[in-house]
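A.B. asks: Need the 3D shape of this:
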Amino acid sequence: MARRALTTTAAAFATAAALLLTACGGGDDSPSDDIKGAGQGAGSPSASASGSSSTDVERPDVSVPKDLDLVFDFEKPSDQDSAAALEDAANYIRALNHGITQQDPNDPAFQFYASGQAAQYAHSQIKEYVDGGWTLTGRDRYYDAGVSPGDESEKVKTVNVTFCEDQSKVFGREIKSKKVHRTKESLASYQKFTLLMTSMKDNPVWRAQRVTVEGKAAECQR
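C.D. replies: Model (predicted):
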């Protein structure tokens, strides 16, 4: 059982970035009010995230069980902002998977690393697993990352992040029976993520504002 692809046109993605920058430096930087408990965990996370280089802010736990191996084959960009944005894009993915394995659609971890549509996406994906009685097991690999700095306002910086996902070795597992449903590798095993990462200029944390997921991404199949 793989995460569902969510497609958005490039024009809509660019428009979202422009709106973010014109809304008083980013507007509301918290997850949507549609998510029960949104924002409650962001201010008081419990532990530092794996892979985080910043010691200026306390970050939430994004660990997953040992039977789920999240692999990020990313080359670190030389630009400091791009490197930080890519790192927190990975933390957004870790947080999404943390929510799935913890079976918590209102998990504070994804709310810390996301706002707006990206928080809605994480919430909906986690809820789908919880409602279906599923979790994940296996090896989930992310690779071929690309970054491109976006526009800046007086208060907000943006970076566009893309990467591929190979789900061919990660499988759905039923919570009650613990039965693993193995699937054969196919084009559907490959997805491409595009994230708009944003950061307030006085805050070291980068948060996903928008995410699109292209299913059956042939360019990622290698």
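A.B. asks: what ranges of the protein fall below the confidence cut-off?
C.D. replies: 1-55 (pLDDT under 70).
A.B. asks: Now for it: which helix has the highest residue count?
C.D. replies: Determined from DSSP state H, the single longest helix within the chain is helix 80-102.
A.B. asks: From the contact counts, what lies against the helix or strand following that one?
C.D. replies: For helix 80-102, the following helix or strand on the C-terminal side (DSSP states H and E) is helix 108-113. The contact analysis (3 or more C-beta pairs under 8 Å, 6 or more residues apart in numbering; DSSP states H and E) places helix 108-113 against helix 80-102, helix 116-132, strand 207-215. (Each C-beta comes from the backbone N, C-alpha and C, glycine too.)
A.B. asks: run the last query once more with 6 Å
C.D. replies: On a contact count with 3 or more C-beta pairs under 6 Å, 6 or more residues apart in numbering; DSSP states H and E, helix 108-113 meets helix 80-102.
A.B. asks: List the buried residues of the helix it packs on.
C.D. replies: 81-102 (16 or more other C-beta atoms under 10 Å).
A.B. asks: repeat for stretch 102-114
C.D. replies: Residues Q102, D104, P105, N106, D107, P108, A109, F110, Q111, F112, Y113, A114 are the ones in stretch 102-114 that count as buried (16+ other C-beta under 10 Å).
A.B. asks: what does stretch 148-165 give?
C.D. replies: Here stretch 148-165 shows G150, S153, V156, K157, T158, V159, N160, V161, T162, F163, C164, E165 as buried, counting by 16+ other C-beta under 10 Å.
A.B. asks: what about the residue located most distally from the centre of the chain, distance to W134?
C.D. replies: Going by C-alpha atoms, centre = their mean, the residue of the chain most distant from its centre is S177, 28.3 Å out. Using C-beta to C-beta, to the nearest Å, S177 is found at 11 Å from W134.
A.B. asks: Also D79?
C.D. replies: 38 Å.
A.B. asks: what does K216 give?
C.D. replies: Distance from K216 to W134, by C-beta to C-beta: 21 Å.
A.B. asks: neighbour count winner among these two?
C.D. replies: Neighbour count, other C-beta atoms under 10 Å: between K216 and W134, W134 has more, with 17 against 14.
A.B. asks: Who's the closest spatial neighbour of that one, skipping the chain neighbours?
C.D. replies: G172 (4.9 Å; C-beta to C-beta, 6 or more residues apart in numbering).
A.B. asks: just to revisit the earlier point, nearest to V71 among the buried residues of stretch 148-165?
C.D. replies: The nearest member of those to V71, counting by C-beta to C-beta, is E165 at 10.1 Å.
A.B. asks: Bridge partners for the closest one, pull those for me.
C.D. replies: E165 has these beta-bridge partners by DSSP bridges: Y142, Q191.
A.B. asks: Same question for T158.
C.D. replies: Listed by DSSP bridges, the beta-bridge partners for T158 are T198.
A.B. asks: Settle this for me: it is touching P149, isn't it.
C.D. replies: No: using C-beta atoms under 6 Å, T158 makes no contact with P149, being 7.5 Å away.
A.B. asks: Now do the residue lying closest to K216 once chain neighbours are set aside against S153, distance only.
C.D. replies: Nearest-residue entry for K216: L187, 4.7 Å, with adjacent residues in sequence omitted and distances by C-beta to C-beta, 6+ apart. Distance of L187 to S153, computed by C-beta to C-beta: 39 Å.
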